[in-house]
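# compute the structure for the input listed below.
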Amino acid sequence: MKFSVYQVSRKGGREKNEDRMGYCYTRDSGLFALADGMGGHPEGEVASQLALQTLAGAFQREAKPSLKSPLRFLQDSILAGHHQLLRYATEKGLVDTPRTTVVACVLQGRAAFWAHCGDSRLYLVRGGNLIARTRDHSYTELQQTLSQVVPIDAKFNRSVLFTCLGSPGKPVVDTVGPVTLQTGDRLIVCSDGLWSQLSDEEIVELLSTRALSDSVPEMVERALRNGGQHGDNVTVLAVEWEAVEESDSIAGVSTRSLGEDVFASTIQASLADTAPGDLDEAEIERSIREINEAIQRSSKKRS
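A predicted model of the protein is given here:
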């Protein structure tokens, strides 16, 4: 398995960054995930962090070195994150539960599998075309989907969701896959701070015509400019399949020489490890260096 990855998270006009992102991989499987803590509820940054930690922990336990059922893994681990949030609220005696959206993608074999809850999105772009995009769990998107069948006159706020992790009822988790990948396919997972400020056409154009190390920062900067001083957090994690970049500014990963017991992750192990401000490439590169050092130590032990 070979892939290139680039990720950026910016605070925008908000007091704090409640988005979290990261990826994990073994020799034969990779997990790429993003969560967006929801405003209007307590501790959004805790909600998004717990959701990702739960996903990463489950991936480390089950990817040995591949997942038996990627779709079942995504469904079960996202729901486990939901229960972690309910448990956290009970232990802390919170009146309301921290809530978050989540989108996660597994790359395994030559296929992609993904799942989401809420309005954080996944885009799959191939040869300048949008191959797939997740559908938001919002009343606005539901209205648009059903408009040809049942006309709905009511106007809904785009940000109002009908499901998320941490909600009183069981979350709706939509899954897709397997989707066969081709060399050069690009996938991104992103928070609504990005897609609410850029059209799908603009996202596809940038992903199709520039290297990830150029397209991702440009998307983020455009979203920040369009959002203005009160704009949302903007977070993007992008992956190019079967490509390993040589540039120092992008993480190229080839897992084919890894042992079955090697697990690597850029997802912080605890809330204390998470910086309150922007997550930039310097921090991400530090995590990547730590991963590579761990892999080298593992290789030396096997030899």
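
# using the three-state scheme, assign the closest residue to residue 22 other than its chain neighbours.
Spatially, and ignoring its direct neighbours in sequence, residue 22 is nearest to residue 267 (3.4 Å; Cβ to Cβ, 6 or more residues apart in numbering). All C-beta atoms are positioned from the backbone trio N, CA, C, and that covers glycine. Residue 267 falls in the coil class when you classify it by DSSP: H, G, I helix; E, B strand; the rest coil.

# what of residue 103?
strand.

# beta partners for it?
The partner list for residue 103 in beta bridges (DSSP bridges) reads residue 34, residue 116.

# my guess is it contacts residue 133, does it?
No: if you go by Cβ atoms under 8 Å, residue 103 and residue 133 don't touch, sitting 10.8 Å apart.

# common neighbours of the two, please.
121-122 (Cβ atoms under 8 Å, 6 or more residues apart in numbering).

# what ranges do the strands span in this structure?
Ranges of strands within the chain are 2-10, 19-25, 29-37, 100-108, 111-117, 121-126, 129-133, 174-180, 186-190, 234-241, 251-254, 264-265, based on DSSP state E.

# and of those strands, who's closest to residue 46?
Residue 46 sits nearest to strand 29-37 of all the strands of the chain, at 7.3 Å, using Cβ to Cβ.

# and the closest one, average pLDDT?
Across strand 29-37, pLDDT averages out at 97.

# packing partners for it?
strand 19-25, helix 44-62, strand 100-108, strand 186-190, strand 234-241 (3 or more Cβ pairs under 8 Å, 6 or more residues apart in numbering; DSSP states H and E).

# only C-alpha atoms, please: export the third one in CSV.
Yep, that's strand 100-108 we're talking about. In CSV, the C-alpha atoms belonging to strand 100-108 read as follows (Å, rounded to 0.1, in the frame of the first residue of the first chain):
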residue,chain,number,x,y,z
THR,A,100,-19.5,15.9,17.1
THR,A,101,-19.7,14.9,13.5
VAL,A,102,-17.4,12.3,12.1
VAL,A,103,-16.2,11.0,8.7
ALA,A,104,-13.8,8.1,8.3
CYS,A,105,-12.3,6.2,5.4
VAL,A,106,-10.5,2.9,5.3
LEU,A,107,-8.1,2.1,2.4
GLN,A,108,-7.4,-1.6,2.2
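
# output the contacting helices and strands for that strand.
strand 29-37, helix 44-62, helix 70-92, strand 111-117, strand 121-126, strand 186-190, strand 234-241.

# who does the last one touch, helix- and strand-wise?
Translated: strand 234-241. Short answer (3+ Cβ pairs under 8 Å, 6+ apart): strand 234-241 packs on strand 2-10, strand 19-25, strand 29-37, strand 100-108, strand 186-190, helix 192-195, helix 212-227.

# as TSV, the ones you listed with distance to residue 176 and mean neighbour count would be great.
As requested, these are exported to TSV (distance: least, Cβ to Cβ, whole Å; neighbours: other Cβ atoms under 10 Å):
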stretch	distance to residue 176	mean neighbour count
strand 2-10	19	23
strand 19-25	18	27
strand 29-37	14	29
strand 100-108	9	27
strand 186-190	12	26
helix 192-195	17	26
helix 212-227	22	19
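
# mind putting these in CSV, distance to residue 55 included?
Shown next, in CSV, are the helices and strands packed on strand 234-241 (distance: least, Cβ to Cβ, whole Å):
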stretch, distance to residue 55
strand 2-10, 15
strand 19-25, 8
strand 29-37, 5
strand 100-108, 6
strand 186-190, 12
helix 192-195, 19
helix 212-227, 21
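
# so can I have CSV of the strands of the chain showing distance to residue 58?
Shown next, in CSV, are the strands of the chain (distance: least, Cβ to Cβ, whole Å):
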stretch, distance to residue 58
strand 2-10, 20
strand 19-25, 10
strand 29-37, 9
strand 100-108, 10
strand 111-117, 12
strand 121-126, 19
strand 129-133, 24
strand 174-180, 15
strand 186-190, 17
strand 234-241, 18
strand 251-254, 21
strand 264-265, 12
